[in-house]
Each structure stands twice: as C-alpha cells, then as structure tokens.
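**Student:** Let me see the structure of the following:
(one chain, ligands or ions: 1)
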Amino acid sequence: ISAVSGGVDSTVATTLVHRAIGDQLRAVFVDTGLLRLGEADMVEHVMKQQLGIPLARVNASDDFFSALRGVTEPEEKRRIVGAQFISSFEKEAARSGKPEFLVQGTIYPDVVESSAPDRSQAQRIKSHHNVGGLPKDMQFKLVEPLRYLFKDEVRRIGEALGIPANLLWRQPFPGPGLAVRCLGEVTPERVLRLQQADFIFTTELENAGLLNRKPQSGEVRLAQAFAALLPVRSVGVMGDQRTYDETIALRAVTSDDFMTADWAQLPHELLGRIANRIVNEVHGVNRVVYDITSKPPATIEWE
Ligand code: XMP
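**Tutor:** Predicted coordinates for the structure are as follows:
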C-alpha cells in the first residue's frame, strides 16, 4: 500500500514500486479538502491517465473540516490534520485486506533531519507533520526506495519514469496544507477564498515563467510562492458600496535550503495586476498585501 500526496517524492516512489509489482500495489490518495485549487483532480488524472496507476481516492474533506472546527492555534491544526490523515488512511487500508508493506517517499534530507541531534523537539520552531507519515501503531514493513537520494536525484528518476514536468517541478507544499495558510478558523468557505486567491497568484507567476518549471542553469527562481488568508477585516469601497472584508497576504521567496529565505523582489506591475485580479475575482477579499520579511526573523509559512 502506498500513500500518495501529489508531491514529487510520493509520486516517484509509488511509480517505481508500481513498475516493480504492478497491480499488487494499492495507491491511496486522501483528499483532505486542504489542497490547492484543482489539485486533487490533477493528482488523480496524472496517476490514472498519465502513469496508468490505479488510485483509490478517499474524499475526506468533511472529516477534516469537522475536526478543525473552531481551531485557530497553528500547532493544534498540525496535530489535528496529522491525526485525521492517519485515521482516513487506516480506514482505507483496512479495506485493502492486510497489506504487508507500506511505500514511503522518504528522501535523504528527511532521514538526516529526523535523526540530527540539533533538531531536537525543544529546538523545533514548528512540528513538521508530514502528512503521509507512518501510522504509528500499524504493523507495516517499510519500503523506502528514495531513502538515500537527494531531491534532484529523485527528479531525475521521475523524468526517466515519464512523470510529467509540471508535477516534478512543482513547488513544495506543507503536509498540513491550507490549514496553516488559512489563519484563524479553517472553514470550507474561507479555504475556497484562499484557494481562489492562491490560484490567481501562482498562475500569474507561472505565466511569467517564475514558478513550477525546470530552472535554467544559474537562474534565480522562486522556491515557494503562495497566498495566505488573514483573519483581519478592513474597510474598502467597491463601486459605491462600503465593503468590510478579509485580507490576502502574498508570500514569495527565494531559498536554497528553506532554512533561510529572502523575500522575492517581484516586478511591481505584476504584483499590481495580481492584487487587482484578487479583489475583483475573489468574493470576500478587499485588500491584498505583499510580505517583505525574510527568514529569519519570519518563517516562510505564516503559521
Ligand atoms: P517555515 O515556515 O518553517 O517552512 O519557514 C520551511 C519549509 O517547510 C514547509 N513546512 C512544512 N512542511 N509540514 C510539512 O510537510 C509542515 O507542518 C510544514 N510547515 C512548514 C514550508 O512550506 C517550507 O517549505
């Protein structure tokens, strides 16, 4: 059995194992409702149509939203999403007979990070729950074909396996998903608002050639770019109506290792167009701000 998240590592690991054992593999994809706009359908399409891997898609968004109701504290959100993920995955696994092996897309930096002495719990700034992490009390033998590889090597394998470039070069996405980008309470309505704003931002960046593609050598490119929805309402004016709506913060950074990051100096004209589109196209948002803090002292994510 394999847990597919839509990210590079789990897709490459799952594809490799599928090539080896074919339809003895059961690939499970938990749709948390906290993915980016259109992402769940994209993952399903790539796996089934482009890679020919049968995929069991579990639509668990109602469970995730109920579990998150009323919760605003970031670490609490992480804990809930992690626990809910395991419970949804276990339910699906129980339907698959008794699989003996679990495929994980662990890569070398994950191994180093979890065993390095300087990454003790006490010093951790955020608990990085990797959705797709091992259900603790499940009796699986682990299959980790990427355990000794770095990201660029994983991508090379992905290319050789015919995984589409738009997936291989996608920016990283945190395990807890949009729960930690929707500041304040995580409701379906607010997540949709966030997804729409994020889609406009990232699509404009992609069209400008700045995101989600294989970099040319020596090129500076964005390591991550996304929208966050703030639990702050401010006064605006739309036509001759007063509005009192929420705020979108745009975050775009350059970074080599994600331990430090610089805010990206995006062209003002591009930022202006994006802000205009967001306030005009996304219901419930009347203000857009651009985050010009580097890491440290800020972190890349807002929560
Ligand atoms: P920060 O916000 O700590 O993020 O500067 C550094 C990198 O880690 C990602 N991130 C996470 N990834 N689970 C994950 O799998 C998490 O809980 C989590 N929190 C942050 C973040 O997107 C960035 O790439």
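
**Student:** now the helices for the stretch 151-300 of the chain?
**Tutor:** Using DSSP state H, counting those that start in this stretch, the helices of the stretch 151-300 of the chain run over 151-160, 165-168, 188-207, 268-281.

**Student:** ok and the last one relative to helix 188-207, angle-wise?
**Tutor:** Yep, that's helix 268-281 we're talking about. Taking axes from the mean of the first three to the mean of the last three Cα atoms, to 10 degrees, one finds helix 268-281 and helix 188-207 inclined to each other by 150 degrees.

**Student:** Check which helices and strands helix 268-281 is in contact with.
**Tutor:** Here helix 268-281 is seen to pack against helix 188-207, strand 241-254, strand 285-290 when contacts are counted using 3 or more Cβ pairs under 8 Å, 6 or more residues apart in numbering; DSSP states H and E. All C-beta atoms are positioned from the backbone trio N, CA, C, and that covers glycine.

**Student:** cool, the longest one as well?
**Tutor:** Counting contacts by 3+ Cβ pairs under 8 Å, 6+ apart, helix 188-207 is packed against strand 224-238, strand 241-254, helix 268-281, strand 285-290.

**Student:** Need the contact partners of the third one.
**Tutor:** Where contact means Cβ atoms under 8 Å, 6 or more residues apart in numbering, the residues beyond helix 268-281 that reach it are 196-197, 200-201, 204-205, 208, 227, 236, 248, 250, 285-288, 290.

**Student:** For the ligand, tell me which of those show up nearby.
**Tutor:** Checked against the ligand using Cβ under 6 Å from any ligand atom, those yield no neighbours at all.

**Student:** Show me which of those is closest to the ligand.
**Tutor:** residue 227 (13.1 Å; Cβ to the nearest ligand atom).

**Student:** any idea how far the closest one is from residue 300?
**Tutor:** Residue 227 sits at a distance of 13 Å from residue 300 (criterion: Cβ to Cβ, to the nearest Å).

**Student:** list the contacts for the closest residue to residue 16 other than its chain neighbours?
**Tutor:** In space, and not counting its chain neighbours, residue 16 is closest to residue 145: 5.2 Å by Cβ to Cβ, 6 or more residues apart in numbering. Residue 145 makes contact with 13, 16-17, 103, according to Cβ under 8 Å, 6+ apart.

**Student:** No further questions, thank you.
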